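> need a structure here:
(chains A and B, ligands or ions: 2)
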Amino acid sequence: MNTEILLDTRVHLTPESEKMNISLAFCVPADAEKLRIIYSYAPKELAGAVGERLAEECLLRDAGAFRGEYPAAASFLPLKNLVTLSLDDPHGYRGAAHRQAPQQEHILTASEASPGFYAGAIAAGEWTLTLNVHALVTEFCDCDIQIECEEGEQNA
Amino acid sequence: MLEQWFACELHCHTVHSDGDFTVESLLKTARERKLDGICLTDHNTQSGVPEAQKAGILPVLGGMEWTTYFGHMPVLDCRHDVDWRDALPDTIDEKLRQVHENGGICGVAHPFQIGTPICTGGHWDYKVQDWSLVEYIEIWSEGSPFLNTANRRAIKLWESILDKGYRLTPTLGRDWHRPTNNMYPAACTYLLCDGGKLTPEKMKIAIRNGRTVVSAGPLFYFETETGATVGDTIAAGDTELIIHTNTDRADTVPQANGYNPQAVRIFTNGGKMLSEIPIDGGDLRITLPLEAAHWYRAELWGEIDGKPDCQLAVTAPIYTE
Ligand SMILES: [Zn+2]
Ligand SMILES: [Zn+2]
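Numbers count the residues shown, from 1 in each chain, chains lettered A, B, ... in the order given. Ligands and ions are numbered 1, 2, ... in the order given. The predicted structure is shown next:
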């Protein structure tokens, strides 16, 4: 079994990245049988006075006149960064991992996939891993992404 | 085939997104709750749907909760994944059209949830121009309106859209992620479907046609002498409504609440309460002067576990020509 690293990168996010999709293209070779995506990001949480102010702004914006019916901003702390992964192969959408964990590992093969992703052919060509920045509350957040593929026995 | 009411949960998550349920544990828990069918609506993926449909435990309508930056939108039974990532508030109608072109139907989930960063994207910020492109709205999410500000606001939003002449089906979304949660064990959306075996297709048709009742447990609905009911369009004029209430299913759900239905309230355009009638078990008949081009819906009020003034159920509207 031959393992090849297809992508190994760090993406530096700031609050301006919130509500953005950051696409990372990578090329899958012919004879690839298995993809492994190793992903982590930090920091995850924000508490303290800055977090409390952001939570209060959020409550005022979305509860509006009903703000008084919700608890104090502090009870919503810590706030969390949420940067999820979604995946596209050369033919279309291959799913997403919408969850909080800041360290994740996923695999995809023709017959199996980690929860959230669609099993199916590991087609040769350009794939795209997208960072979906649902919330970015800290001054910055670094996302580390490594994608490996295993090629078929015939290439070993 | 006679139509029949089925108890369903239309908003469920598993480990395929951020739920604690495996697909199998979700289905088994749904069956323990005496549910007849569910929609599987994991965040931004349909990867759990094949296993859920193959399991043969309950009918499962496949879907995906579009978990976007500007709102959460459950999309059900869409043949092809339309891209949720570039949905924007001002152009959401185009996305809704693409879902429909692929056979899907669209809902609004928990429109007044507190949004980013507390619950990311949970607050509905989309500016829908043509509400005929949206099939349903969750008027109850995680709790009942009499306890919950967000649900009271959702009912007001729903009524404001009905007032513009659109038809919009009300649903309950438990937003079920794990076995425990803060909603009544027997709460569900009742769907009126062709009788016999429930299928995902029948669930979809019921949602599309406005044949729903949102309930903390009791089955509660009304019909006319000629059998027209919620979701239907009838002629204006004096009309006798026959209002049915029973707790047969709800009482069999483990740890079910105790229900004591006490009053029926009828609402119409502008959120105006037209009538309030005390009830004391059994069916109720009431004749109302229905105006043209209006909507009429019913609510059931009473006690839950001895607690007074609880909203027990909300029907979809019947419409007049
Ligand atoms: Zn949601
Ligand atoms: Zn949800």
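> tally of neighbours for the closest residue to ligand 1 within the stretch 51-200 of chain B?
Closest residue of the stretch 51-200 of chain B to ligand 1, C-beta to the ion: residue B:72 (3.4 Å). Where you see a C-beta, it was placed from the backbone N, CA and C, and this is true even at glycine. Counted with other C-beta atoms under 10 Å in any protein chain shown, the neighbours of residue B:72 add up to 29.
> give me the number of residues near the residue lying closest to it once chain neighbours are set aside?
Distances taken as C-beta to C-beta, 6 or more residues apart in numbering or on different chains put residue B:109 closest to residue B:72, at 4.1 Å, once the chain neighbours are dropped. Burial of residue B:109 is recorded as 26 neighbouring residues (other C-beta under 10 Å).
> do the same with residue A:33
If you count neighbours by other C-beta under 10 Å, residue A:33 ends up with 17.
> who in chain A is up against chain B?
Counting by C-beta under 8 Å from any C-beta of the partner chain, chain A comes close to chain B at A:18-19, A:21, A:54-55, A:58-59, A:61-63, A:66, A:69-70, A:76, A:79-80, A:82, A:84, A:86, A:92-93, A:95-100, A:113, A:115-118, A:130, A:132, A:134-135, A:137.
> so which of the residues you listed are in helices?
Judged by DSSP state H, these include A:54-55, A:58-59, A:61-63 as members of helices.
> so residue B:220, which state does it fall into?
Secondary structure for residue B:220, judged by DSSP: H, G, I helix; E, B strand; the rest coil, is strand.
> can you list the domains in chain A?
Using automatic domain parsing, the domains assigned to chain A come out as A:2-44+A:81-155, A:46-79.
> give me the contacts around stretch B:254-262.
The contact list for stretch B:254-262 (C-beta atoms under 8 Å, 6 or more residues apart in numbering or on different chains) reads B:32-33, B:184-186, B:216-218, B:220, B:245, B:247, B:250, B:278-279, B:281, B:300-306, B:312.
> for the helix or strand residue A:144 falls within, name the packing helices and strands.
Using DSSP states H and E, residue A:144 maps to strand A:141-151. On a contact count with 3 or more C-beta pairs under 8 Å, 6 or more residues apart in numbering or on different chains; DSSP states H and E, strand A:141-151 meets strand A:2-13, strand A:21-28, strand A:32-42, strand A:125-135.
> now do the strands in the stretch 51-200 of chain B.
Remark: strands assigned in the stretch 51-200 of chain B by DSSP state E, counting those that start in this stretch are B:60-67, B:72-76, B:105-108, B:136-141, B:169-173, B:188-194.
> now for the second one, which elements pack on it?
In this structure, strand B:72-76 makes packing contacts with strand B:60-67, strand B:105-108, judged by 3+ C-beta pairs under 8 Å, 6+ apart.
> most tightly surrounded among these?
strand B:60-67 (a mean of 26; mean count of other C-beta atoms under 10 Å in any protein chain shown).
> contact partners for residue B:279?
Contacts of residue B:279 (C-beta under 8 Å, 6+ apart): B:243, B:245, B:261-264.
> derive a PyMOL selection command for the buried subset of the residues you listed.
The PyMOL selection below is limited to those of those classed as buried (16 or more other C-beta atoms under 10 Å in any protein chain shown):
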select buried, chain B and resi 243+245+261+262+263+264
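> okay, the contacts of residue B:279 in CSV with distance to residue A:41, secondary structure and pLDDT next?
Formatted as CSV, the entries for the contacts of residue B:279 read as follows, by distance: C-beta to C-beta, whole Å; DSSP: H, G, I helix; E, B strand; the rest coil; pLDDT from 0 to 100:
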residue, distance to residue A:41, secondary structure, pLDDT
B:243, 54, strand, 97
B:245, 52, strand, 96
B:261, 51, strand, 95
B:262, 53, strand, 95
B:263, 53, strand, 97
B:264, 53, strand, 97
